[in-house]
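Participant: give me a model of this one.
(chains A and B)
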Amino acid sequence: MNTPAEFSTLMIGVFAILITATVIARLIKARTGTTELVENLIARINAWWGMVALLAIAMIAGKTGVVILFALISFAALREFLTLTTKRRADHYALLVSFFIVLPLQYILIWTNWYGMYSIFIPVYVFLLLPIVAVLRGDTENFLVRIAETQWGLMICVFAASHVPALIMLEIPGFEGKNVLLIAFLVVTVQISDVLQYVWGKLLGKHKIAPKLSPSKTWEGFLGGVLSASLIGAGLWWMTPFTPLQAFVLALMCTLLGFFGGLVMSAIKRDKGVKDWGHLIAGHGGFVDRLDSVVFSAPIFFHVVRYFWSVA
Amino acid sequence: MFDYKKHLLAPLAGSAITLFARLVTAVRGVWDGCEPVARQRVYFANHGSNGDFVLVWTVLPPALRAQTRPVAGSDYWLNTPLKAFVGRDVFRAVLIDRNPETRTLDPVGQMAEALEQGDSLILFPEGTRNTGDDLLLPFKPGLFHLAQKCPDVDLVPTWIDNLTSVMPKGEVIPVPLLCSVTFGEPLRIREGEEKLEFITRAEDALRALGQEVQS
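Facilitator: The predicted model follows:
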């Protein structure tokens, strides 16, 4: 599949940022020596190279590539999430159904662009049918907690995450064949907001915004990160169907949702007594750690764009 | 003649099994008390699932893996040709007869022989899979007798976490969930240490490691 010209421009920009970040991190290391902070920074940047490469390859491969990539990401995220939820032996079938039937089916529905079904499959059908699978084993201990936590994992890691590839299927007049750029817009603004919150927080951060939930998050990091990322989002209007102002408002919406989504996922980590969701992305933790903000913003971004811009 | 089963099929099957273990559990080795170095050891671990030693085997660096043999019950591993191939040729398991009535070889002697050949061992001193709510079952005396016979080998407490949720006893299809294998501080039998004293010390070391991992 041919990627739009704007995609190449964006990739040049992203690579320029990554090269700059890599060089700066090496310079800091040369000056301060090996510290935990700089090692973590380098690990994070290296992981970014990997993530950008994977996403770029998937986008070049087109619709199928993006659907497969996000199905795999959902698998890794769901595996992390359900590792921490309450479960008993009696949940074995319900868990197998979640991984091997619900997850692939949701992505097949996305791939076939059956909007009427993929929008309600997990919130309606799975919500009602999965507890039936669990209840047949007759174990009532912690039953409500078990089924509720499993459903929550599916909503976050599968349903919400699948709205990223769903963006490819929106029909926007004058934007045909360029939908992959909507994904790029969402992922770039939300992720750059996370990065800039970290940078602003490290540079200026003084006043903690949610000391109980996430001691590293500060007001300075939050405001600086969200605003500068929204401005970057506005600056990316040329690759979207939006005007610069619209792009700013949408980027602001996504970065705010991303920020608060991060807080929600932090609260769950605290509740379950862990620092990270997993360990597979060096420097970042797990897939859920890296994706929490994208997952929280994707479905609402999808529906807002669909309502105001799409004809279908 | 080229033994294709031993030199081709077995390493391939070994790689396939470790890859599968990683895909399902993303298993991670945590060295918390000793380093992954080529020193002769007996890894003694908690036992909740048939896949336990596969996880330990998977997280060992390849060079160590090639010299580490699990100790397993021959009644389970020899009852079909496929299992016998996996147990004997892939894992090079030290297969012991758990039934004292029928056995012709002394299990501790078999393990000591493997150690004398320079290999390390993976051992489950509980003797059977733990399906209850207790962290550990009482250890069988085998570990003590082995330690007496080979007092210079490091005994490494090894905690396998979460595999019982992946594959509870009696289930066939594994649920993908994250697992970890934590290696604790090695211990050795002390001069003149009694059986009960040593077994209690080894149990406590493994239980403490398990509690640390789960907290």
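Participant: pLDDT below threshold where in the chain?
Facilitator: I went with chain A, as the question did not name one. Within chain A, the stretches with pLDDT under 70 are A:1-2, A:312.
Participant: hmm, I had chain B in mind actually
Facilitator: Applying pLDDT under 70 to chain B flags residues B:1.
Participant: which elements pack onto the longest helix seen in it?
Facilitator: Ranked by number of residues, the top helix in chain B under DSSP state H is helix B:195-214. Secondary-structure packing of helix B:195-214 (3 or more CB pairs under 8 Å, 6 or more residues apart in numbering or on different chains; DSSP states H and E): strand B:41-45, helix B:142-149, strand B:154-161, strand B:180-183. For every residue, glycine as well, the C-beta is placed using N, CA and C.
Participant: which one of these lies closest to chain A?
Facilitator: For chain A, the closest of these is strand B:180-183, at 8.6 Å, according to CB to the nearest CB.
Participant: ok so, going back, tell me the most buried of the helices and strands packed on helix B:195-214?
Facilitator: Greatest average neighbour count among the helices and strands packed on helix B:195-214 goes to strand B:41-45 (a mean of 25), per mean count of other CB atoms under 10 Å in any protein chain shown.
Participant: which neighbours does that one have in its sheet, and in what orientation?
Facilitator: Strand B:41-45 has the following strand partners under DSSP bridges: strand B:120-123 (parallel), strand B:154-161 (parallel).
Participant: okay, the angle between the helix or strand following that strand and strand B:154-161?
Facilitator: Following strand B:41-45 in sequence order, the next helix or strand is helix B:52-59 (DSSP states H and E). Helix B:52-59 and strand B:154-161 are oriented at 110 degrees to each other (axes from the mean of the first three to the mean of the last three CA atoms, to 10 degrees).
Participant: which one is the most centrally placed residue in chain B nearest to, not counting chain neighbours?
Facilitator: Residue closest to the mean C-alpha point of chain B, counted by CA atoms, centre = their mean, is residue B:122 at 3.0 Å. Leaving aside its sequence neighbours, residue B:122 sits nearest to residue B:70 (CB to CB, 6 or more residues apart in numbering or on different chains; 4.2 Å).
Participant: cool, and residue A:173?
Facilitator: Per CB to CB, 6+ apart, closest to residue A:173 is residue A:311, 6.1 Å.
Participant: quick check, that neighbour in a strand?
Facilitator: No. Read with DSSP: H, G, I helix; E, B strand; the rest coil, residue A:311 is coil and lies in no strand.
Participant: roughly how far does it sit from residue A:243?
Facilitator: Residue A:311 sits 18 Å away from residue A:243, going by CB to CB, to the nearest Å.
Participant: in terms of neighbours, single out the busier of those two.
Facilitator: Set residue A:311 next to residue A:243 and count neighbours by other CB atoms under 10 Å in any protein chain shown: residue A:243 wins out with 11 against 8.
Participant: thinking that one is in contact with residue A:236, fair?
Facilitator: No. Counting by CB atoms under 8 Å, residue A:243 stays clear of residue A:236, with 12.0 Å between them.
Participant: so what's the closest residue to residue A:204 other than its chain neighbours up against?
Facilitator: In space, and not counting its chain neighbours, residue A:204 is closest to residue A:220: 4.2 Å by CB to CB, 6+ apart. By CB atoms under 8 Å, 6 or more residues apart in numbering or on different chains, residue A:220 lies in contact with A:200, A:201, A:204, A:205, A:206, A:207.
Participant: can you tell me the helix or strand for the second one?
Facilitator: Put plainly, it is residue A:201. helix A:180-204.
Participant: now for that helix, which elements pack on it?
Facilitator: helix A:5-32, helix A:36-61, helix A:163-166, helix A:219-235, helix A:244-272, helix A:287-309.
Participant: return the most buried member of the ones you listed.
Facilitator: The most buried one of those (mean count of other CB under 10 Å) is helix A:163-166, showing a mean of 27.
Participant: what's in contact with it?
Facilitator: Residues from elsewhere that reach helix A:163-166, judged by CB under 8 Å, 6+ apart: A:63, A:66-67, A:69-70, A:107, A:110-111, A:118, A:183, A:186-187, A:294, A:298-299, A:301-302.
Participant: check the offset of it from the chain's centre.
Facilitator: On the basis of CA atoms, centre = their mean, to the nearest Å, helix A:163-166 is displaced by 11 Å from the centre of the chain it belongs to.
Participant: repeat that for stretch A:170-180.
Facilitator: Remark: stretch A:170-180 is offset 22 Å from the chain centroid, using CA atoms, centre = their mean.
Participant: C-alpha coordinates for it, PDB please?
Facilitator: Extracted in PDB, the C-alpha atoms of stretch A:170-180 (Å, rounded to 0.1, in the frame of the first residue of the first chain):
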ATOM      1  CA  LEU A 170     -13.200   6.100   8.900                       C
ATOM      2  CA  GLU A 171     -14.400   7.600   5.600                       C
ATOM      3  CA  ILE A 172     -13.500  11.300   5.600                       C
ATOM      4  CA  PRO A 173     -14.300  13.200   2.300                       C
ATOM      5  CA  GLY A 174     -11.100  14.600   0.800                       C
ATOM      6  CA  PHE A 175      -8.900  12.500   3.100                       C
ATOM      7  CA  GLU A 176      -9.200   9.100   1.300                       C
ATOM      8  CA  GLY A 177      -6.100   6.900   1.500                       C
ATOM      9  CA  LYS A 178      -4.500   9.000   4.200                       C
ATOM     10  CA  ASN A 179      -6.200   7.600   7.300                       C
ATOM     11  CA  VAL A 180      -3.000   6.200   8.600                       C
END
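Participant: surely the residue nearest to the centre of chain B and residue B:69 touch.
Facilitator: Yes. Taking contacts as CB under 8 Å, residue B:122 lies within contact range of residue B:69: 7.2 Å.
Participant: how about the residues of chain A that lie near chain B?
Facilitator: A:75-76, A:78-80, A:82-83, A:87, A:89, A:92, A:95-96, A:99-100, A:273, A:278-280 (CB under 8 Å from any CB of the partner chain).
Participant: what's the neighbour count on residue B:46?
Facilitator: 25.
Participant: would residue A:174 count as being in a strand?
Facilitator: No. Looking at residue A:174 with three-state DSSP, it is coil, so not inside a strand.
Participant: relative to residue A:4, how far out is it?
Facilitator: According to CB to CB, residue A:174 stands 12 Å off from residue A:4.
Participant: so those two - more neighbours on which side?
Facilitator: A count of neighbours by other CB under 10 Å puts residue A:4 above the other of residue A:174 and residue A:4, at 17 against 7.
Participant: tell me the contacts of that one?
Facilitator: Contacts for residue A:4 were tallied using CB under 8 Å, 6+ apart; they are A:177, A:178, A:180, A:181, A:239.
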